[in-house]
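*Asks:* below is the sequence, then the predicted model.
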Amino acid sequence: MKTFAVSLLLVLVGIGMANAQYKINKTKYDYSTWTHEEDDPYNPTTCGVLSFFIPGVGQMVAHKVGRGVAFLGGYLDSHFITNLY
């Protein structure tokens, strides 16, 4: 029971810290004014469409290869597991 209480406390503290960081970032950046520029390394629309058809490929195109491989691996694992049973 003591371990559960400590774990719950750590989760609640982590959530509070994440929320505080979001409040700071929310005032620092205005995402509604973002536009694509020529020197941007990728186009979010292209990455979104690619990820819609093959999960993880959009992240790989956006140079987030580890995240893309994780998404693709999770998708393939869940696909194969659900087809086994």
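*Replies:* Right, received. Where do you want to start?
*Asks:* contacts, neighbours, all on C-alpha from now
*Replies:* Noted.
*Asks:* and the strands in this structure, which stretches?
*Replies:* Ranges of strands in the chain, per DSSP state E: none exist.
*Asks:* show me where it has its helices.
*Replies:* 2-28, 44-53, 57-61, 65-84 (DSSP state H).
*Asks:* output the contacting helices and strands for the second one.
*Replies:* Pointing back at helix 44-53 there. helix 57-61 (3 or more C-alpha pairs under 8 Å, 6 or more residues apart in numbering; DSSP states H and E).
*Asks:* can you rerun that using 10 Å?
*Replies:* In terms of contacts (3 or more C-alpha pairs under 10 Å, 6 or more residues apart in numbering; DSSP states H and E), helix 44-53 is packed against helix 57-61, helix 65-84.
*Asks:* angle of the longest one against helix 44-53?
*Replies:* Using axes from the mean of the first three to the mean of the last three C-alpha atoms, to 10 degrees, the inter-axis angle of helix 65-84 relative to helix 44-53 is 20 degrees.
*Asks:* residues of helix 65-84 that come out buried?
*Replies:* By 16 or more other C-alpha atoms under 10 Å, the buried positions in helix 65-84 come out as 68-69, 71-72.
*Asks:* include pLDDT when you put the residues you listed into TSV, please.
*Replies:* Formatted as TSV, these follow (pLDDT from 0 to 100):
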residue	pLDDT
G68	92
V69	94
F71	92
L72	93
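*Asks:* could you chop this structure up by domain?
*Replies:* Here the domain parsing of the chain from automatic domain parsing is 1-34, 36-85.
*Asks:* isn't G58 up against G66?
*Replies:* No: counting by C-alpha atoms under 10 Å, G58 does not reach G66; the two are 11.8 Å apart.
*Asks:* comparing the helices of the chain by mean pLDDT, which bottoms out?
*Replies:* The minimum mean pLDDT among the helices of the chain belongs to helix 2-28 (a mean of 66).
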